[in-house]
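S.K.: Build me a model from this:
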Amino acid sequence: MPSLSIYCSTFLFTCAIVLSLKGNETPITETEWPPPDFAVSFDQSTVADRSHGFPEPGGFGTQIVPDGLDGSALRIEKDGGHLHYRAAGNVSADSGTIRFATRGTAISGEEGMVWLWAIRGHRYDLGLVVEDGKLFLRCTEFQIREQPTIAELSIPLVGNDPDEWHWIGASWDSLRQRAWLELDGAQVEGRLELPRGLDAPLAQYLGGGVEVRLYPGGMMRSGNEFDNLQIWMQSRALLDRYQPLSNPEMVELLEPMVEGIYRRFDTLEGLQFNGGWQVTYTWPTMLGAFAQGRGFIDTENIVSLDKSNGTPIIASRFVYAYDILGDESLLEVARKSGDFLVAAQSDEGYWLNNYQFDFGTIVPLDSRNRHSQPKFQDGVQSQSIALLLSLYKLTGESEYIISARKAGEFYLKAQNPDGSWSYKYDPEEGIGKTFLGEPQGGEINDYAMNDALNIMILLYHYTEDTRYLQAAKRAADWLVAAKMSGQVHGWAQQYDNTLSPASARHHEPPAYSSEDTLIACTALIEAYRLSGDENYLVPVQEAAQWIEEQFPDGKMFKYYDPETGRPVASWERKIYFLDDPVEFKEANQYPQNPHVIHPQPVPDIWSLLEKRNAPNVEQQGLTPLELRLARRALNTQNEAGLWIKDNVGGGRHTLGTGFGPSSVRAIHMLNFLEACYREMNLADPQLSHRGDLLRMAAPENWYDVPWPEGDTETEPNPEKAELQMGDFQVVIRTDPHFETRYGDRRFDRLGRVSSVQWKGREFLTSDGLVDEFSASGLGILGWDPLEATRDFVKIGVGEMEAFHAAKPHYMNAQPHRVQRVFPSKRDVGADWWHATQSVDSSGGVRYEYSKRITIDPPANLLIEYSLKNLSGTSISFDQYNHAFFSVPEGAETIELATSFSWEPIGSGIESGESFTYSPVEKPRIQRYRAIEEEQSSLLRLAFFPSGISVSLSLSPSVEALHCYQDRGQFCPELYFATKLDPGETAKWSREFRFDDSDLRFVTNNDR
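M.R.: This is a model prediction of the structure:
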């Protein structure tokens, strides 16, 4: 993240853009907007007058000349001349607004096609293009030989005099899929379907900006001029709502706060190593250190997830900042952390505390032989899951939800029979263990149980899998059972499997803990909010009452002996009674934390109880205390944007001067910025929750869960039907709660082919053949992005509620809640299966849907569909089949041929009828559109050298073909689309022919 450079001292101003036409000055827009994030006047030089990122340009063939629109201007002196600026901190492909003035042969249309300005990403260009008498805002897929258009919006040119200045304005918004174009006062607004998951741009170009050497058009000729370039990170949708800040103190602090937060992130990005950080760093030597500075200086190739402030928490600060500021370069840093977590995750789904890179290989580091087993303390598992789900909400990348679900399965597996989770998990023995290795003891210390409870709820919201709720209930019930009574009322840090307090580290005795009593009470109050069960409040009230009676002066020690109620401390497993002066003196010689040796304020449990029914409403604005904390954070930053401590580890074992990269003061600054941007209407955060990582990943309806009652039992197995003919077998499963391993709820619930076996060979992965309607959003019935509830109907599934982070346009890769699964009827024979569904939804959608599956020898499978529109309005929809074919072990290539011609959509493969893939580990998808339609469209694929092939045909014609590949599976998808007027019926079919011979083909001429 380049450092923030700001040369404009006043934040609030009226942005009045003036058009000069041969001496006439005509304002085309007069709107009060904030100052731009990036601005170049060209009066003195090409260096940005204002930028959040690096302000100096590269390029060639330009010159500052007098007689500009307002002062001097930039002139292209040589053909192909241009400027380019680093994009990070200066421009965003997600959303933004640009304005500048230009004159010359380019804007007059005399040069044919030419790019005036462009953002350059790894795989795309987004910019302003003149072509065919129009000005376009155009997004293209970057390729070597051509630049296929993904989306565009245009407005006619208005004049052909190259000596006239013209004002150009453009705005784009991937969240709302909208765009705006402005040319000399004329404006257009329209839909602009920018692809999801555009990576952070590399650069912005003024004058050109694409690979003009390799295809016709795009190069700018000499003599063209530019002036007053201005860029905002927000789209018109937000800028037009802008209002100034009302608090003068916030006005005073805003720009320094933005500068400070960028300065900090610039430093932390420089410290990121392969997606991660260490927990502590020295200053000014910037060397990473183990734990919180209580250990050794480590080599730079270590990534830590430990101590509740490791890599996931640091990355979450970048996510939070991106959600406020809209700068994709911030999100890109966090995505590197998410990618690291995906790569480092074990096959069982867990993470260890630390990792080391050895020649590009991720090597689990056992932390000096102490933590070679995954632990649940310190957020090692929970914070990793929460970060992955936050990134999934923002990007829709399937690898993040897959990894999170995999970790969720590990969480379920590791839960102890009594409902607790242990300090760590032993993969070899398959059980949880305490710090000292005792089997299946429970852990409260460092929020192990709280994190587990929250993660169970979080994963339920993403999966609707009630196993997570059952696990959460068992955890809450264990906390109730773990409360001690007698001489003490409360909880210990750690327990054995008989619910007796257990020892942990050498300074953690088997004792009552005031700190962990507060932690346990927090978890039980959360369980009460989730369940409404007041039984969870009883032990909390008892603990609060005992503390009030025993410690009327409001002071208590951290540890108390459960048998005697006397205050204790420990070292090397020896117990010291602190009310004995001799033992107190002896205990004090060891490097104990001061709050163990000396009394501290009692935990305020009564306040928790008073707020037990407080609604989960996100705070807006800043309290006076938060404003003071933000100012303090800003004023105490050093030149690198860091907060330095003289004794970073505390006590005599410190590494000395250093800093933690996850400092809470960064949150104070970001809370300030969020409050400012919200008040100015310049931010519409998708995550927010003031930087709390768990709640950033969570939906708004956090407490809306069907908490289990009584004993927790697993749900019955889904309905299963088997069709068999000779050695050809097809298994069909019907499960109203079915999800693929990608976390998708969107698929047809009538039934899916889960297995195809022929001659003992399995052709499918576990997800099988799954149908989906309206993957593109076409036919999402009743969807209204302006409605608060945003309910809709999905054919074959049921009534659904949009996931709160979903963009206003429909996105299928979001965990939309299935509110009601439409019922269906099924019949089955020896070689056929048939399901029907009659729907009359609450929103007035009515249809009859039918799916019939039959098998024929030797290994043919036919799926026939029909849909009748019984509604009073037309229905348009697309439908496809996710055919998850297993890539045989040892397969080196995948060859495909089609009966139809196609052209790529954002792909490097040329148009044609056949192509070849190589199996890859990293997921990828390539998209094609059919350009020659046939009544029956055929696709054939073969895996070599394994000798497996499949022919897939769709009748009627194919609209598009998508090919998805991921870790041992290949999924070709043939799309069919149609429109049904009231009373009309559509029928179509898909046929699969399986073969186990070497069916090699090069073209489609042999069909």
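S.K.: what's the straight distance from one end of stretch 99-117 to the other?
M.R.: For stretch 99-117, the separation between the terminal residues is 10 Å (Cα to Cα, to the nearest Å).
S.K.: Next, the buried residues of that stretch.
M.R.: Across stretch 99-117, burial judged by 16 or more other Cβ atoms under 10 Å covers 99-109, 111, 113-117. Backbone N, C-alpha and C define where each C-beta goes, glycine included.
S.K.: just stretch 553-570 next, same as before
M.R.: Judged by neighbour count using 16+ other Cβ under 10 Å, the buried positions of stretch 553-570 are 556-562, 566-570.
S.K.: Tell me how far that stretch lies from the chain's centre.
M.R.: Mean-position distance between stretch 553-570 and its chain equals 44 Å (Cα atoms, centre = their mean, to the nearest Å).
S.K.: Excluding chain neighbours, what is closest to Ser174?
M.R.: What sits nearest to Ser174 in space, not counting adjacent residues and going by Cβ to Cβ, 6 or more residues apart in numbering, is Leu194, at 4.2 Å.
S.K.: ditto for Thr140
M.R.: With sequence-adjacent residues excluded and distances taken as Cβ to Cβ, 6+ apart, Thr140 is closest to Gln147, at 4.3 Å.
S.K.: Over to the one you found. Which of the three states is it?
M.R.: Each residue gets one of three states, and Gln147 gets coil by DSSP: H, G, I helix; E, B strand; the rest coil.
S.K.: For burial, what's the neighbour tally of it?
M.R.: Counted with other Cβ atoms under 10 Å, residues neighbouring Gln147 total 22.
S.K.: What does the pLDDT read for it?
M.R.: The predicted structure scores Gln147 at 72 on the pLDDT scale.
S.K.: for the one 4 residues further on, same thing?
M.R.: The predicted structure scores Ala151 at 88 on the pLDDT scale.
S.K.: I figured it hits Leu198, correct?
M.R.: No: using Cβ atoms under 8 Å, Ala151 is not in contact with Leu198, being 11.3 Å away.
S.K.: count of residues packed around Leu331?
M.R.: Around Leu331 there are 25 other residues, counting by other Cβ under 10 Å.
S.K.: Check which helix or strand it maps to.
M.R.: Using DSSP states H and E, Leu331 sits within helix 328-344.
S.K.: same check, this time on Arg467
M.R.: Using DSSP H and E, the secondary-structure element containing Arg467 is helix 466-482.
S.K.: Tell me the bridge partners for the closest residue to Gly127 other than its chain neighbours.
M.R.: Counting by Cβ to Cβ, 6+ apart, the nearest residue to Gly127 once its immediate chain neighbours are dropped is Ala118, at 2.9 Å. Beta-bridge pairing of Ala118, defined through DSSP bridges, involves Gly127, Tyr205.
S.K.: and Ala118, how many neighbours does it have?
M.R.: A count of nearby residues for Ala118, using other Cβ under 10 Å, gives 27.
S.K.: Just to check, it is in contact with Leu202?
M.R.: No: using Cβ under 8 Å, Ala118 and Leu202 do not qualify as a contacting pair, with a distance of 11.0 Å.
S.K.: Where do the helices of the stretch 451-600 of the chain begin and end?
M.R.: Defined through DSSP state H, counting those that start in this stretch, the helices belonging to the stretch 451-600 of the chain, from first to last, are 466-482, 514-531, 538-550, 581-587, 594-597.
S.K.: okay but Asp125 is in contact with Gln147, surely?
M.R.: Yes: taking contact to mean Cβ under 8 Å, the distance of 6.8 Å between Asp125 and Gln147 places them in contact.
S.K.: For Glu722, give me its contacts.
M.R.: Each residue near Glu722 by Cβ atoms under 8 Å, 6 or more residues apart in numbering is listed here: 729-732.
S.K.: and it, how far is that from Gly109?
M.R.: From Glu722 over to Gly109 the distance is 67 Å, taken as Cβ to Cβ, to the nearest Å.
S.K.: so how far is Glu152 from the residue lying closest to Asp132 once chain neighbours are set aside?
M.R.: Using Cβ to Cβ, 6+ apart and skipping residues adjacent in sequence, the residue nearest Asp132 is Met113, 7.9 Å away. Taken as Cβ to Cβ, the spacing of Met113 relative to Glu152 amounts to 13 Å.
S.K.: ok, now Arg745?
M.R.: Between Arg745 and Glu152 the distance is 33 Å, computed by Cβ to Cβ.
S.K.: Looking only at neighbour counts, state which of those two leads.
M.R.: Per other Cβ under 10 Å, whichever of Arg745 and Glu152 has more neighbours is Arg745, with 24 against 18.
S.K.: pretty sure that one contacts Pro815?
M.R.: Yes: between Arg745 and Pro815 there is a contact at 6.2 Å, judged by Cβ under 8 Å.
S.K.: Between these two, which contacts overlap?
M.R.: In contact with both Arg745 and Pro815: Glu464, using Cβ under 8 Å, 6+ apart.
S.K.: one step back: looking at it, the residue nearest to Ser174 is touching Ala151, isn't it?
M.R.: Yes: under the criterion of Cβ under 8 Å, Leu194 is in contact with Ala151, at a separation of 6.0 Å.
S.K.: Now do the shared contacts for the two.
M.R.: The contact sets of Leu194 and Ala151 overlap at Cys139 (Cβ under 8 Å, 6+ apart).
S.K.: Which of the helices and strands in this protein ranks last by mean pLDDT?
M.R.: The helix or strand with the lowest mean pLDDT-type score in the chain, counting by mean pLDDT, DSSP states H and E, is strand 15-21 (a mean of 32).
S.K.: just to revisit the earlier point, am I right that the residue nearest to Ser174 sits in a strand?
M.R.: No: counting by three-state DSSP, Leu194 is not found in a strand; it is coil.
S.K.: closest to His689 among the buried residues of stretch 553-570?
M.R.: Within those, the smallest distance to His689 is 30.3 Å, found for Lys558 (Cβ to Cβ).
S.K.: list the contacts for that closest one?
M.R.: Remark: with contacts taken as Cβ under 8 Å, 6+ apart, Lys558 is in contact with 513-515, 595-596, 600.
S.K.: Now pLDDT too, for those, in CSV please.
M.R.: Formatted as CSV, the entries for those read as follows, by pLDDT from 0 to 100:
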residue, pLDDT
Ser513, 98
Ser514, 97
Glu515, 97
His595, 75
Val596, 88
Gln600, 94
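S.K.: quick one: which of the buried residues of stretch 553-570 is nearest Val342?
M.R.: Comparing these against Val342 with Cβ to Cβ picks out Lys558 as the nearest, at 38.8 Å.
S.K.: that older thread, now that we have the helices of the stretch 451-600 of the chain, can you turn them into JSON lines and tack on distance to Phe357 and mean neighbour count?
M.R.: Written out in JSON lines, the entries for those read as follows (distance: least, Cβ to Cβ, whole Å; neighbours: other Cβ atoms under 10 Å):
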{"stretch": "helix 466-482", "distance to Phe357": "33", "mean neighbour count": "21"}
{"stretch": "helix 514-531", "distance to Phe357": "34", "mean neighbour count": "22"}
{"stretch": "helix 538-550", "distance to Phe357": "45", "mean neighbour count": "18"}
{"stretch": "helix 581-587", "distance to Phe357": "42", "mean neighbour count": "14"}
{"stretch": "helix 594-597", "distance to Phe357": "37", "mean neighbour count": "16"}
